[in-house]
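Asker: Let's see this in three dimensions:
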Amino acid sequence: MSTVDRTWDDIAVVAEPPADGTEAPDSGLGALVTWLVGPDHVIRVPASAVEVPVTRYSVERSGRPSENFRRPRTAAEQDELDEEFDEYLAEAGVRPRPRGYRWFALGPADRVRGLMDQIQRVIDAEQLMGTPEDVRLVGERLLASES
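Answerer: You can find the predicted model right below:
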């Protein structure tokens, strides 16, 4: 199935994270590459079934080293991130991703991160701008060459 004909609904929903999967990067790029690798290599899990992601932050005080902290991400922060991811996807020509899920690449080899690395190498080699559309087009080309 080409990425043009695909919908997010093609990606299976399962009750809990897979034992042989790796959570896809929580970014616009991660969402786009998740879309590209498609339903044969990705599943989604309701966010309520997975540990809440953390937000990392630092506090700097005059004359003292900065202190690093972690805390659970708030719903408002997740909404803001989802908006950013949707904007990135829109710039790539992909519909917004359904909210309320965490996304996992299947298999022992992390297909999502591997494709992200391949895309970056091609973008660098071809001296492309690295726009979301560039990422999608390069990713589609790389996946087509595997077929």
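
Asker: biggest helix in this protein, by residue count?
Answerer: If you go by DSSP state H, the chain has its longest helix at helix 75-92.

Asker: Could you list the residues in contact with it?
Answerer: Helix 75-92 is contacted from outside by 26-29, 31-32, 35, 53, 55, 73, 95-97, 99, 131-133, 135-136, using Cβ atoms under 8 Å, 6 or more residues apart in numbering. For the C-beta atoms, the positions are set from N, CA and C on the backbone; glycine is no exception.

Asker: Stretch 17-24 now?
Answerer: 30-31, 33-34, 42-43, 45, 49-50, 102-108, 110, 112-113.

Asker: And for Glu126, the neighbour number?
Answerer: Other residues within reach of Glu126, judged by other Cβ atoms under 10 Å, total 9.

Asker: still on that earlier bit, list the neighbouring strands of the very next helix or strand once past the longest helix of the chain plus their orientation.
Answerer: Scanning forward in sequence from helix 75-92 by DSSP states H and E, the next helix or strand is strand 101-106. Looking at strand 101-106 with DSSP bridges, its partner strands are strand 21-23 (antiparallel), strand 42-46 (antiparallel).
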